[in-house]
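[1] any chance you can model this:
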Amino acid sequence: MKETIQANIGSVAYNLDLDAYEMLRNYLDDLRRRLPEQDTETLDDIERRFAELFGERLSSPMQVVTLEMVEEATARMGSPADFGERREETGAEKQAAYRPLRRSATDRSIAGICGGLAEFFDADPTLIRLATLLLFLCGGLSLWIYIILWIVIPEAPRSAFDATDKKH
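    Residues are numbered from 1 along each chain as shown. Alright, predicted model coming up:
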């Protein structure tokens with residue numbers, strides 16, 4: 001069973017599996033870095049085209065956009081490099097790229113600690129869980145440290161994700 005995320009793409013709500021959402025978000029973020037800052041209209045048009053492409057493939061609004069659908073749509077749209085070179089990030093954009101450490105609200109087994117660490121370090125949560133388990137078994141990490149992290153690290157807010165949101 002795959003986790004799904006609801007995203008608003010071109011003013012249309014879609015359910016995307018997690019892999020498809022990540023790929024589409026990375027694609028749109030790369031495009032955003034290549035387009036001029038004041039050119040939001042082009043990105044809106046691209047999102048609307050993605051919505052059209054997904055709408056052609058889905059027969060019901062309850063169906064999920066898969067990684068294969070996103071790969072096909074991005075292949076039809078072209079590479080982000082076709083839109084030009086990446087521009088230098090300004091101080092505000094660099095600050096927007098700051099990601100606080102939070103317990104995962106969506107990728108959790110016990111408290112979301114390993115899922116949050118995986119999101120923070122952009123790693124596979126399964127590998128983080130295995131490393132944590134090995135540290136528990138080898139005595140390098142105590143249960144108390146895990147509980148303290150559970151208390152100290154705030155939980156990420158649960159909300160619908162927007163593929164156009166610059167904060168994610």
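[2] excluding its backbone neighbours, what's nearest T4?
    N15 (4.9 Å; CB to CB, 6 or more residues apart in numbering). C-betas here are computed from N, CA, C, even on glycine.
[3] output the host helix or strand of that neighbour as CSV - backbone C-alpha positions only.
    Taking DSSP states H and E as the definition, N15 sits inside strand 12-17. This file holds the C-alpha atoms of strand 12-17, laid out as CSV (Å, rounded to 0.1, in the frame of the first residue of the first chain):
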residue,chain,number,x,y,z
VAL,A,12,-7.5,21.1,-9.7
ALA,A,13,-7.2,18.7,-6.7
TYR,A,14,-5.5,15.4,-7.3
ASN,A,15,-4.4,12.5,-5.2
LEU,A,16,-0.8,11.6,-6.0
ASP,A,17,1.2,8.7,-4.6
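[4] pLDDT weak spots in this structure?
    Scanning the chain for pLDDT under 70 picks out the ranges 1, 61, 87-98, 158-168.
[5] what about the residue nearest to T4, neighbour count?
    16 (other CB atoms under 10 Å).
[6] now do D122
    7.
[7] from I153, how far out is it?
    Using CB to CB, to the nearest Å, D122 is found at 17 Å from I153.
[8] try I46
    36 Å.
[9] picking that back up, from M69, how far off is the residue nearest to T4?
    12 Å.
[10] now do F120
    In terms of CB to CB, F120 sits 28 Å off from M69.
[11] neighbour-wise, which of the two wins?
    A count of neighbours by other CB under 10 Å puts M69 above the other of F120 and M69, at 22 against 15.
[12] the more buried one touches G55, doesn't it?
    No - using CB atoms under 8 Å, M69 is not in contact with G55, being 10.8 Å away.
[13] now stretch 39-58: buried residues?
    43, 46-47, 50-51, 53-54, 58 (16 or more other CB atoms under 10 Å).
[14] how about it as CSV, C-alpha atoms only?
    Presented in CSV, the C-alpha positions along stretch 39-58 are these (Å, rounded to 0.1, in the frame of the first residue of the first chain):
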residue,chain,number,x,y,z
ASP,A,39,7.3,35.2,-14.3
THR,A,40,4.6,33.3,-12.4
GLU,A,41,2.3,33.1,-15.4
THR,A,42,4.5,30.6,-17.2
LEU,A,43,4.6,28.3,-14.2
ASP,A,44,0.8,28.6,-13.8
ASP,A,45,0.4,27.6,-17.5
ILE,A,46,2.7,24.6,-17.0
GLU,A,47,0.7,23.5,-13.9
ARG,A,48,-2.5,23.8,-15.9
ARG,A,49,-1.0,21.6,-18.6
PHE,A,50,0.0,19.0,-16.0
ALA,A,51,-3.6,19.1,-14.8
GLU,A,52,-4.9,18.5,-18.3
LEU,A,53,-2.5,15.6,-18.9
PHE,A,54,-3.5,13.9,-15.6
GLY,A,55,-7.2,14.6,-16.4
GLU,A,56,-6.8,12.7,-19.7
ARG,A,57,-5.4,9.6,-17.9
LEU,A,58,-7.8,9.5,-14.9
